[in-house]
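A.B. asks: the sequence isn't on hand, but the structure is:
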């Protein structure tokens with residue numbers, strides 16, 4: 001698989017680094033000290049999603065924060081303080097559209113929580129398919145109520161889906177932050193890993209992510225499982241089942257399904273192509 005890195009272009013500061021390693025696209029959020037996001041960062045996240053979506057060498061996307069302390073501490077408060085309500089409305093609209101694009105991309109997305117993941121940072125992470133955290137590296141939470149606002153980048157909707165209505169309301173109205181172990185017990189985080197540093201943690205996450213790349217994994221099936229869950233969950237059961245059947249029909253006609261069945265019968269390891 002090809003390796004590629006995107007850095008500063010012209011006078012535009014790179015807030016999201018894009019790199020591909022062995023089928024995994026890595027988005028690194030980089031705006032010290034807390035990797036808070038501005039509209040400019042969200043535009044770069046949006047561009048990175050599209051780039052990974054169209055990149056035939058990419059099977060999995062991993063999002064991580066730069067540095068040891070923060071994945072992302074949410075929206076940049078100074079930016080919001082200076083903006084008028086109309087601008088803030090369109091800022092939220094674009095952020096919602098960007099995270100929906102992430103959810104609808106038929107490639108597995110993993111948020112690697114290397115540090116504090118609060119406010120909009122948790123909202124970005126909840127738009128990923130899986131969340132893996134570094135033990136003891138930080139806290140998670142949606143404390144927006146302390147600012148007199150609600151989690152407006154999808155937080156009220158995605159947290160409710162993860163933990164249920166009553167628990168989501170409790171967590172958001174209390175506005176407290178809690179450790180990754182508690183987040184795991186609530187179903188917000190999928191795994192908590194022990195690692196001595198951010199780089200060691202990221203290496204573990206990438207090793208985990210590579211199990212979902214070709215040729216070892218049927219990535220076409222992975223993408224359709226994601227689409228069936230992400231899109232189907234929004235539909236009434238009958239329509240969700242119809243979507244599931246249509247996606248399954250595509251897989252029945254895929255080279256990967258033929259390879260998987262042949263490999264099973266021939267008692268050998270399948271070599272998938274993602275087609």
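C.D. replies: Received it, and whenever you're ready, just let me know what you need. Quick caveat: nothing in here was measured; it's all calculated off a predicted structure.

A.B. asks: just the helices in this structure please.
C.D. replies: Ranges of helices in the chain, per DSSP state H, are 39-54, 77-82, 85-104, 120-126, 155-163, 165-174, 180-186, 198-210, 219-232, 237-252, 255-266.

A.B. asks: need those helices in CSV with mean neighbour count, distance to residue 275 and mean pLDDT, can you?
C.D. replies: Heads up, the C-betas are built off the backbone N, CA and C, glycines and all. Putting the helices of the chain into CSV (neighbours: other CB atoms under 10 Å; distance: least, CB to CB, whole Å; pLDDT from 0 to 100) gives the following:
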stretch, mean neighbour count, distance to residue 275, mean pLDDT
helix 39-54, 18, 16, 97
helix 77-82, 12, 43, 88
helix 85-104, 15, 20, 96
helix 120-126, 28, 31, 98
helix 155-163, 18, 32, 97
helix 165-174, 15, 40, 98
helix 180-186, 18, 36, 98
helix 198-210, 18, 19, 98
helix 219-232, 19, 6, 96
helix 237-252, 13, 11, 97
helix 255-266, 13, 5, 96
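
A.B. asks: can I get those in CSV with distance to residue 27?
C.D. replies: Compiled in CSV, the helices of the chain are given as follows (distance: least, CB to CB, whole Å):
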stretch, distance to residue 27
helix 39-54, 5
helix 77-82, 20
helix 85-104, 10
helix 120-126, 10
helix 155-163, 18
helix 165-174, 26
helix 180-186, 20
helix 198-210, 12
helix 219-232, 17
helix 237-252, 26
helix 255-266, 26
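
A.B. asks: between the ones you listed, which gets nearest to residue 18?
C.D. replies: For these, the distance to residue 18 is smallest for helix 39-54, at 5.0 Å, taking CB to CB.

A.B. asks: which residues touch the closest one?
C.D. replies: 6, 12-16, 18, 25, 27, 29, 31, 37, 58, 61, 79, 91, 94-95, 97-98, 101-102, 105, 107, 124 (CB atoms under 8 Å, 6 or more residues apart in numbering).

A.B. asks: starting at the chain centroid, how far to that helix?
C.D. replies: 12 Å (CA atoms, centre = their mean, to the nearest Å).

A.B. asks: what of stretch 114-121?
C.D. replies: So, by CA atoms, centre = their mean, the centroid of stretch 114-121 is 12 Å from its chain's centroid.

A.B. asks: buried sites along it?
C.D. replies: In terms of neighbour count (16 or more other CB atoms under 10 Å), stretch 114-121 has its buried residues at 114-121.

A.B. asks: which of the residues in stretch 264-273 are buried?
C.D. replies: Those would be 270, 272, for stretch 264-273 by 16+ other CB under 10 Å.
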